[in-house]
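K.L.:
Coordinates for the following, if possible.
(chains A and B)
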There are 2 protein chains.
Amino acid sequence: MFAVQSSAQIPDGVKPAPTNIQVNNCPCIFPDLRVFFKVTAPTATKVQLDLGKLYDMQKDDKGVWSVTTDPQVPGFHYYSLVIDGFKVSDPASESFYGTGRMSSAIDVPEAGADFYLLKDVPHGDVRSKNYFSKVTGTWRNINVYTPPGYDKDTNKSYPVLYIQHGGGEDERGWAVQGKTNVILDNLIAEGKAVPMIVVIPNGNVSKPGAAAAGGYNDEAMALFKEEMATNIIPFIEKNYRVKAGVANRAISGLSMGGGQAFYTGLRNTDMFSHVGVFSTGLFGGINRQPGAAAFDPEVAIPGILTNPKSFNSKLKVFYISVGEQDPRIEPTKKLIETFKSKGLNVEFASFPGGHEWQVWRKSLNDFAPKLFK
Amino acid sequence: MFAVQSSAQIPDGVKPAPTNIQVNNCPCIFPDLRVFFKVTAPTATKVQLDLGKLYDMQKDDKGVWSVTTDPQVPGFHYYSLVIDGFKVSDPASESFYGTGRMSSAIDVPEAGADFYLLKDVPHGDVRSKNYFSKVTGTWRNINVYTPPGYDKDTNKSYPVLYIQHGGGEDERGWAVQGKTNVILDNLIAEGKAVPMIVVIPNGNVSKPGAAAAGGYNDEAMALFKEEMATNIIPFIEKNYRVKAGVANRAISGLSMGGGQAFYTGLRNTDMFSHVGVFSTGLFGGINRQPGAAAFDPEVAIPGILTNPKSFNSKLKVFYISVGEQDPRIEPTKKLIETFKSKGLNVEFASFPGGHEWQVWRKSLNDFAPKLFK
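P.N.:
Model prediction:
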């Protein structure tokens, strides 16, 4: 009754994407992972699909525009429709906060990968909470994963992983796109990860009245650290049954959030003993900022090259990951070599894929089992 | 850095709507509640705003389309942009699941109404959970509000209000648009409502493989009741600290969900002792279904007119509300008269506004204090 599409024209052998609004049969996926998109827009002059690559869609005599894409990499891809030059989300799909707006996305299933699929195992809760930030001067929303059993064993306390989204995203990223709860539920059920709380904050921190912050500059990083230290950690430790102390605190994040985890984690080894950095552009491989100096680890983290033993003794886990088709991989690998040549303990992992959520889901699935052991 | 608008053209004296994506200064609201919308779409031929009323937008020499609307009723209004005839959501605003898709909305503040605004009072959690439904054969998401103190007083159990969304919405409706947590937090802090759990399910229940159900027909109502009785209530009572028994169970809903509350609540007074029906089209005032018979309360709920004493003794609260500009109000008032003439105890309330969330927020704010006392 609310379908936004005509039912015409669906090719044989396709399956609806899991990211569709339930009543819509498209976007739909061929066995070889080509995707068929369609849009009913009889009075538009030009309709395109922007899925990283820009596709012109073809109009039939009923005003239905359609296109079949190249085979897609499995995983979660933001996309837009472009209606006569104006970029919008697709009414046929769910929208997700990413790229600075509510953006369409398609989640292309990966054969054989079930670590991020809902299973009949004990499930934790994802809790939405509000707290007042003295840094931003505003109420802010935060998501908190509590593991299975949290409500039953009320004398038990838990270690905490703080995990950050990327640029143009917010606290919905790891809760929705990232499937943090599903990944943790599955890891805990298999005995691979210890039960932990995962805190999913909004990492876009700006001073009262200022425009939204972000990026890799020192001021943005300092504001993020202040928000963590003076608002988020105290709020979590007051409201949830948290194991106290640095040994029970981890920080990680993706892209911009990977930069935040790197700076905040490594500059504050009295606060965090486990650091996970996924796909950050901090080390290079993208234009971080026009005219920005090349990344110098010793400037970013004093002592990291000259006193690695101090970091080795304080950090139980220091982990870096990146997608194998992400331009950030080469400078990341180079930095790992530098770190290792200086004797710094660092674990490195790469996963097939670009700068996308499937890599970050796999990073979390790989990183979480290493924590608090 | 991710703003989707140019900064040109903003009129003086306006304020950004609270539903904007944070970096965007429009849509923006004049003191007299006219709203200014703008869209940067230089190559589009025609751009309109659909806010119930359809407005043609005007293009300037930079390709920015804009319009100032008539003064708006305070509250939450779904809207769309229409780009060369194709209806889409506005990248400048948040999207909400409503009208069967992720739809833009603007929340126009209401002077003097603060019952639905975040305050510095103890806050409960909104928890997202997954359960497997034996009725639909699928995993389903459900939102659960637990009141302030739930995690601290771990020997305390709570009564439960089950609350349903409208057609074209899902379990996100009352959690996001409805601000259930904020309304309950404020009521509980003022001592107006008893602390309770509020369960916010997805009321679109269909058999395995069938298209999405809904509507007011007997089959849809029977499926909803089965989902409540065999999946939702047992899941909640197993996973949360719930006070047992019919005296501690209430059901309510809006529009289609009001119909579900009416049927499921009044046909099952062994399950529910408090029933709230907000703005339902069940009683008439809209075209429920082509050729549908006029609503007959005695057919819908056997005994409601012929044995009202039975309902009076079993129901602690039977509450009906509707918006004063909603076409559903006349048949609703007529039914209330019929009920009262038969001696059935029913409370009626109306609020300024049409078929919109501000009326439903006010209905919850009015209904919740009556429960479990």
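
K.L.:
How many neighbouring residues does the closest residue to chain B within the stretch 51-200 of chain A have?
P.N.:
Taking C-beta to the nearest C-beta as the measure, the point where the stretch 51-200 of chain A comes nearest chain B is A:Gly100, at 2.3 Å. Using the backbone N, CA and C atoms, a C-beta is placed for each residue, glycine as well. For A:Gly100, the count of nearby residues is 22 (other C-beta atoms under 10 Å in any protein chain shown).

K.L.:
just the one 10 residues further on next, same as before
P.N.:
Look at A:Glu110: counted by other C-beta under 10 Å, it has 19 neighbours.

K.L.:
Next one, pLDDT for it please.
P.N.:
Among the per-residue scores, A:Glu110 shows a pLDDT of 97.

K.L.:
what's around the residue nearest to it when sequence neighbours are not counted, how many residues?
P.N.:
Ranked by C-beta to C-beta, 6 or more residues apart in numbering or on different chains and with sequence neighbours excluded, the top spatial neighbour of A:Glu110 is A:Pro74, at 3.4 Å. Counted by other C-beta under 10 Å, the residues lying close to A:Pro74 total 19.

K.L.:
distance of A:Pro74 from B:Met102?
P.N.:
Between A:Pro74 and B:Met102 the distance, using C-beta to C-beta, to the nearest Å, works out to 23 Å.

K.L.:
circling back to that earlier point, got the contact list for the residue nearest to A:Glu110?
P.N.:
For A:Pro74, the contact set (C-beta atoms under 8 Å, 6 or more residues apart in numbering or on different chains) comprises A:Leu33, A:Val108, A:Pro109, A:Glu110, A:Ala111, A:Ala113, A:Gly353, A:Gln358.

K.L.:
A:Tyr162 too?
P.N.:
Contacts for A:Tyr162 were tallied using C-beta under 8 Å, 6+ apart; they are A:Val198, A:Val199, A:Pro201, A:Met228, A:Ile232, A:Ile233, A:Arg249, A:Ala250, A:Ile251, A:Ser252, A:Phe272.

K.L.:
what helix or strand does it sit in?
P.N.:
With elements taken from DSSP states H and E, the one containing A:Tyr162 is strand A:160-164.

K.L.:
Which elements pack onto the helix or strand of chain A with the lowest mean pLDDT?
P.N.:
Among the secondary structure pieces of chain A, namely its helices and strands, helix A:218-227 has the lowest mean (mean pLDDT, DSSP states H and E), a mean of 92. Identification of packing neighbours for helix A:218-227 by 3 or more C-beta pairs under 8 Å, 6 or more residues apart in numbering or on different chains; DSSP states H and E yields helix A:256-267.

K.L.:
Contacts for the helix it packs on next, please.
P.N.:
The set of residues that contact helix A:256-267 without belonging to it, under C-beta under 8 Å, 6+ apart, is A:163-167, A:203, A:214-216, A:221, A:224-225, A:228, A:251-253, A:271-272, A:274-282, A:300-301, A:304, A:311, A:315, A:318.

K.L.:
Just the buried ones among the residues you listed, please.
P.N.:
Neighbour-count burial (16 or more other C-beta atoms under 10 Å in any protein chain shown) applied to these gives A:163-167, A:203, A:214, A:216, A:221, A:224-225, A:228, A:251-253, A:271-272, A:274-282, A:300-301, A:304, A:311, A:315, A:318.

K.L.:
Now intersect those residues with the helices, please.
P.N.:
With helices taken from DSSP state H, the overlap with the buried ones among the contacts of helix A:256-267 comprises A:Met221, A:Phe224, A:Lys225, A:Ala300, A:Phe311.

K.L.:
Need these in TSV (columns: distance to A:Lys342).
P.N.:
Conversion of these to TSV gives the following (distance: C-beta to C-beta, whole Å):
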residue	distance to A:Lys342
A:Met221	23
A:Phe224	27
A:Lys225	25
A:Ala300	14
A:Phe311	10
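
K.L.:
State the pair within those that is farthest apart.
P.N.:
A:Phe224 and A:Phe311 (20.4 Å; C-beta to C-beta).

K.L.:
wait, isn't A:Pro148 in contact with A:Ile188?
P.N.:
Yes. Shown here, A:Pro148 and A:Ile188 form a contact pair, counting by C-beta atoms under 8 Å, at 6.5 Å.

K.L.:
overlap in contacts of the two?
P.N.:
Taking C-beta under 8 Å, 6+ apart as the contact definition, A:Pro148 and A:Ile188 share the neighbouring residues A:Val121, A:Pro122, A:Gly124, A:Pro195.

K.L.:
mind giving me TSV with these and columns for distance to A:Pro91, secondary structure and pLDDT?
P.N.:
Output for the shared contacts of A:Pro148 and A:Ile188, formatted as TSV (distance: C-beta to C-beta, whole Å; DSSP: H, G, I helix; E, B strand; the rest coil; pLDDT from 0 to 100):
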residue	distance to A:Pro91	secondary structure	pLDDT
A:Val121	34	coil	98
A:Pro122	36	coil	98
A:Gly124	32	coil	98
A:Pro195	40	coil	98
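
K.L.:
Now the buried members of those.
P.N.:
Buried residues within these, counting neighbours by 16+ other C-beta under 10 Å: A:Gly124, A:Pro195.

K.L.:
Select, from the shared contacts of A:Pro148 and A:Ile188, the two members most distant in space.
P.N.:
A:Val121 and A:Pro195 (12.5 Å).

K.L.:
ok, A:Val67 - how many residues close by?
P.N.:
The local packing count at A:Val67 equals 18, with neighbours defined by other C-beta under 10 Å.

K.L.:
nope, A:Val135 is what I was after
P.N.:
Residue neighbour count, defined by other C-beta under 10 Å, stands at 20 for A:Val135.

K.L.:
ok, and the closest non-adjacent residue to it?
P.N.:
Using C-beta to C-beta, 6+ apart, the nearest residue to A:Val135 is A:Glu227, at 4.8 Å.

K.L.:
Does the one you found touch A:Thr136 like I think?
P.N.:
Yes. In this structure, A:Glu227 sits in contact with A:Thr136. The criterion is C-beta under 8 Å, and the distance is 7.4 Å.

K.L.:
quick one: the nearest residue to A:Asn268 once chain neighbours are set aside from A:Gly253, how far?
P.N.:
The shortest distance from A:Asn268 to any non-neighbouring residue, by C-beta to C-beta, 6+ apart, is to A:Lys225 (6.9 Å). Separation of A:Lys225 from A:Gly253 (C-beta to C-beta): 13 Å.

K.L.:
again, but for A:Thr230
P.N.:
Distance, A:Thr230 to A:Gly253, using C-beta to C-beta: 19 Å.

K.L.:
Please apply the same query to A:Pro11.
P.N.:
Counting by C-beta to C-beta, the gap from A:Pro11 to A:Gly253 is 40 Å.

K.L.:
ditto for A:Leu223
P.N.:
Distance, A:Leu223 to A:Gly253, by C-beta to C-beta: 15 Å.

K.L.:
Which of the three states applies to the nearest residue to A:Asp185 once chain neighbours are set aside?
P.N.:
Excluding its sequence neighbours, the residue lying closest to A:Asp185 (C-beta to C-beta, 6+ apart) is A:His123, at 5.1 Å. Under the three-state scheme (DSSP: H, G, I helix; E, B strand; the rest coil), A:His123 adopts coil.
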